[in-house]
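> give me coordinates for this.
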Amino acid sequence: MPKKPKRATAKESPRGGKEPRTPPIRELEPPQWSFVLVDIGAQWSFSNMKGPQLAKALRRLGEFEKMTWAAIEQGGSHPIQVTEIISDARKRLVKIRQDDEDVLFSLRMSGKQRIWGIRDRHILRILWWDPNHEVYPSSKK
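Model (predicted):
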């Protein structure tokens, strides 16, 4: 007796059908922070922060931890090619031996304020505090 063809269930998509688009798993994870690469000697050093600024930045990082990377990127944070950042920042990457990176991640804290780092899956290895949006100046007004 011949077998009946298997019917697609709701969980399975029919052959040749389109699969729903879903972000890669790493985009659905919450962020984690690493401070091992923090650049204390840069003009964008965290040591330039005032007490209230630091407290606000830490609160914001805590808020980000409740989000996924996909949601964070919808809020104005995004990867930037190193070739697009200012010359001084590229020179600084050479000095701190991070010039083998092609992409940095700009984490939008508020208005002009950014934290810059190197994203490795769900971990952001934080480099700089950029309170005036200088590393990658925006043409928006």
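> now do stretch 115-125, average pLDDT.
Model confidence over stretch 115-125 averages 96 on the pLDDT scale.
> what sits up against it?
The contact list for stretch 115-125 (CB atoms under 8 Å, 6 or more residues apart in numbering) reads 26, 29-34, 36-37, 44, 57, 61, 69, 79, 89, 98, 101, 103-107, 109, 126-130, 135. For glycine as for every other residue, the C-beta is placed from the backbone atoms N, C-alpha and C.
> now, those that are in strands?
With strands defined by DSSP state E, the entries of the contacts of stretch 115-125 inside them are 32-34, 79, 103-107, 109, 126-130.
> can you tell me which of the contacts of stretch 115-125 are buried?
By the neighbour-count criterion of 16 or more other CB atoms under 10 Å, these include these buried positions: 31, 44, 57, 61, 69, 89, 98, 104-107, 109, 126-130, 135.
> show me what the most centrally placed residue in the chain is bridged to.
Central residue of the chain (CA atoms, centre = their mean): residue 105, 4.5 Å from the mean position. In this structure, residue 105 has beta-bridge partners residue 79, residue 117, where bridges are defined by DSSP bridges.
> which ones are touching it?
Neighbour list for residue 105: 77-80, 116-119, 124 [criterion: CB under 8 Å, 6+ apart].
> now do 7 Å
Residue 105 makes contact with 79, 117-119, 124 under the criterion CB atoms under 7 Å, 6 or more residues apart in numbering.
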